[in-house]
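> I would like the atomic coordinates for the input below:
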Amino acid sequence: MAESNAVEIRDVVKVFGFGEFAFSAVDHASISIRKNEFFTLLGPSGCGKTTLLRLIAGFEFPTSGEIILNGEDIAAMPPFKRPINTVFQSYALFPHMTVADNIGFGLTMLGRPKQEVRDRVAAMLKLVRMEKLADRRTSQISGGQQQRVALARALAPQPKVLLLDEPLSALDYKLRKDMQIELKRLQAETGITFIFVTHDQEEALTMSDRIAVMSAGKILQVDTPRAIYDAPTDRFVADFIGETNFLRGRIGSVSGGIAQVETPMAGRISATLPPDFVPDGEVTVVLRPEHACLWLPNDSAPCQTTGTLENIVYFGTDTHYHVRLQDGETQFMLREQNKPLQRQRFSVGDQVGIMFEENAARVLRN
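Residues are numbered from 1 along each chain as shown. Coordinates of the predicted model:
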């Protein structure tokens, strides 16, 4: 195992049930998670991400495969012996205890000296910026403050790895956004490896150093947020992460990793091929809404396709345009950032042209 890895999942399988009722919650998963990394397991409900987190924590044991922590196989090790802590969706705080007592509880149970516990609690209160609330009971503080207490309690024993199972899901939108920034700050300041589970794509893109996208127990792609968004290799990943357009076509020629794809709805498109991809028959091309521009016919722009503008949706920061392409079946969405006092150029029912940004389209593995 490379010295830079904190956790390595090697061909892990977790099967629940027996016989005809057996199913693989985790299906031959392999990941290397680096030290001091904010790593996210992302996917829809039931994809296996929480099961994989529980396998790392020791709350479940793998049917087969290895889980390596700092060079040691911990797959059969009980959870209380693993230098790992977990923050759950429900913070499981003691409502009759003060904030400080909650943070120090785990250290006390570990038999740490009283002075060490006091010093560590003080350091954690400062880290989560709750010094003034140290003597308040956790039943008397807000949801966001409770979340900080749960984090401080988990960080207090200085675990090698901190597991976070959708800890922001119960918070309102604005508080959740604030806590995303706070979590990233805490990870950077402590240098502890964070493994975060979420089904929220925006949350994963905002916070992570790298993301593993999961579906049906399998890991489909592991990469940086930018690469996951801009260069998905799998149709599920492209569809799950953000909004996108899919166009069918056939590859006419390939040169230097760029394919010329003939599409019935948008003509010929230049699209980047995934690594080690051998095209065979019909392919799918993906194009993000912000990587295309909308034009009126009298703009004399070199448009790749045309269609009818069916809907305009204003989102404040940007506007979404829904266009029915010339084939009459395919709907294409474009996103344009709004500017102050910008005049609305388009109206529902307009005949419009669409121009794609150069090298923005990508061929997917179907």
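> show the average pLDDT along stretch 23-34.
Averaging pLDDT along stretch 23-34 yields 95.
> how far does that stretch sit from its chain's centre?
Mean C-alpha position of stretch 23-34 versus that of the full chain (C-alpha atoms, centre = their mean, to the nearest Å) differs by 16 Å.
> residues near the nearest residue in space to Thr319 that is not next to it in sequence, how many?
With sequence-adjacent residues excluded and distances taken as C-beta to C-beta, 6 or more residues apart in numbering, Thr319 is closest to Glu336, at 5.4 Å. The C-beta positions use only the backbone N, C-alpha and C, and glycine is treated the same way. Per other C-beta atoms under 10 Å, the neighbour tally for Glu336 reads 17.
> mind listing what Glu336 touches?
By C-beta atoms under 8 Å, 6 or more residues apart in numbering, Glu336 lies in contact with Glu290, Cys293, Leu294, Asp318, Thr319, Tyr321.
> tell me how far Ala6 lies from Leu69.
7 Å (C-beta to C-beta, to the nearest Å).
> now list whatever residues contact both of these two.
Lys160, Val161.
> after the helix or strand the residue nearest to Thr319 falls within comes which helix or strand?
Per DSSP states H and E: Glu336 is located in strand 331-337. As assigned by DSSP H and E, the chain's next helix or strand after strand 331-337 is strand 351-356.
> for that next one, packing partners?
Counting contacts by 3 or more C-beta pairs under 8 Å, 6 or more residues apart in numbering; DSSP states H and E, strand 351-356 is packed against strand 292-295, strand 305-314, strand 318-325.
> most tightly surrounded among those?
Mean neighbours per residue, mean count of other C-beta atoms under 10 Å, is largest over the helices and strands packed on strand 351-356 for strand 292-295, with a mean of 20.
> direction included, what does that strand pair up with?
strand 351-356 (antiparallel) (DSSP bridges).
> give the buried residues for the strand holding Glu336.
Within strand 331-337, the residues scored as buried using 16 or more other C-beta atoms under 10 Å are Phe332, Met333, Leu334, Arg335, Glu336.
> before we move on, what about stretch 125-135?
Going by 16+ other C-beta under 10 Å, stretch 125-135 has these buried residues: Leu125, Leu127, Val128, Met130, Leu133.
> touching that stretch from outside, list them.
98-100, 103, 121-122, 141, 145, 148-149, 151-152, 155, 182, 186, 189-190.
> quick one: buried ones out of those?
Buried, going by 16+ other C-beta under 10 Å: 98-100, 103, 121, 141, 145, 148-149, 151-152, 155, 182, 186, 190, out of the contacts of stretch 125-135.
> and which of those is nearest Arg176?
Glu182 (10.4 Å; C-beta to C-beta).
> what kind of secondary structure is the residue lying closest to the closest one once chain neighbours are set aside in?
Leaving aside its sequence neighbours, Glu182 sits nearest to Arg148 (C-beta to C-beta, 6+ apart; 7.3 Å). Of the three states, Arg148 takes helix under DSSP: H, G, I helix; E, B strand; the rest coil.
> how far does stretch 308-326 stretch from one end to the other?
Start-to-end span of stretch 308-326 (C-alpha to C-alpha, to the nearest Å) is 8 Å.
> again with stretch 106-114
12 Å.
> what's that stretch in contact with?
Contacts of stretch 106-114 (C-beta under 8 Å, 6+ apart): Asn85, Glu116, Val117, Arg120, Val121, Arg153, Ala154, Ala156, Pro157.
> tell me the gap between it and the middle of its chain.
Going by C-alpha atoms, centre = their mean, the spacing between the C-alpha centre of stretch 106-114 and its chain's C-alpha centre is 35 Å.
> pull out the buried residues from that stretch.
Of the residues in stretch 106-114, Gly106, Leu107, Arg112 count as buried by neighbour count, 16+ other C-beta under 10 Å.
> mind putting the residues you listed in JSON lines, distance to Ala76 included?
Output for the buried residues of stretch 106-114, formatted as JSON lines (distance: C-beta to C-beta, whole Å):
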{"residue": "Gly106", "distance to Ala76": "24"}
{"residue": "Leu107", "distance to Ala76": "27"}
{"residue": "Arg112", "distance to Ala76": "27"}
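> just those: which are in helices?
Members of those lying in helices (criterion: DSSP state H): Gly106, Leu107.
> and of the buried residues of stretch 106-114, the nearest to Glu282?
Using C-beta to C-beta, Gly106 comes nearest to Glu282 of the buried residues of stretch 106-114, at 56.0 Å.
> in this protein, which spans are helices?
49-57, 99-109, 114-127, 143-155, 173-190, 201-207, 225-230, 235-240.
> so for Glu166, which of the ones you listed sits nearest?
helix 49-57 (7.9 Å).
> helices or strands up against that closest one?
strand 5-16, strand 23-34, strand 38-42, strand 84-87, strand 161-165, strand 193-198.
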